[in-house]
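Colleague: Based on what follows, work out the 3D shape:
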Amino acid sequence: MLSRSGRLLLSPSDLNDYVECEHRTTLAREVALGKRPKPHLSDEGAKLLAEKGMQHESDYLIRMHGERGKVVEIAMDD
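Modeller: Purely as a prediction, here's the structure:
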């Protein structure tokens with residue numbers, strides 16, 4: 001979850017987190033709005049999972065370009 005120009009941006013993972021635990025979403029929202037610091041997580045498994053997720057999204061985007069031809073991409077600053 002990110003806050004950009006006063007608007008919250010949600011990812012599919014944020015929606016999954018909400019289904020699992022509404023309180024987790026409340027905490028993530030507070031972090032995104034700067035009301036609480038982001039917790040430090042030193043978890044190599046989470047890092048690997050994030051890398052695999054980014055690779056999956058990249059592969060899917062390439063596939064959509066091949067299958068659909070015209071795909072609208074929304075650039076992210078981060």
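
Colleague: can you pull the pLDDT of the residue nearest the centre of the chain?
Modeller: Using CA atoms, centre = their mean, the residue of the chain that lies closest to the mean C-alpha position is S11, 4.1 Å off. At S11, the model reports a pLDDT of 91.

Colleague: what does D78 give?
Modeller: Per the predicted model, pLDDT is 60 at D78.

Colleague: Tell me how many other residues crowd A28.
Modeller: Burial of A28, expressed as a neighbour count using other CB atoms under 10 Å, amounts to 20. C-betas here are computed from N, CA, C, even on glycine.

Colleague: swap in the one 3 residues further on?
Modeller: As a burial measure, the neighbour count of V31 was computed by other CB under 10 Å and equals 15.

Colleague: before we move on, the earlier item: what residues are up against the nearest residue to the residue nearest to the centre of the chain once chain neighbours are set aside?
Modeller: Setting aside the residues directly before and after it, S11 is nearest to M1 in space (CB to CB, 6 or more residues apart in numbering), at 7.1 Å. Counting by CB atoms under 8 Å, 6 or more residues apart in numbering, M1 touches L8, L9, L10, S11, D14, T25, A28, R29, V31, A32.

Colleague: Not including adjacent chain positions, what is the nearest residue to the fifth one?
Modeller: On the basis of CB to CB, 6+ apart, the spatially nearest residue to D14 that is not a chain neighbour turns out to be M1, at 4.8 Å.

Colleague: Which positions within the helix or strand K52 falls within qualify as buried?
Modeller: Secondary-structure assignment from DSSP states H and E places K52 in helix 44-68. Neighbour counts over helix 44-68 (16 or more other CB atoms under 10 Å) mark no residue as buried.
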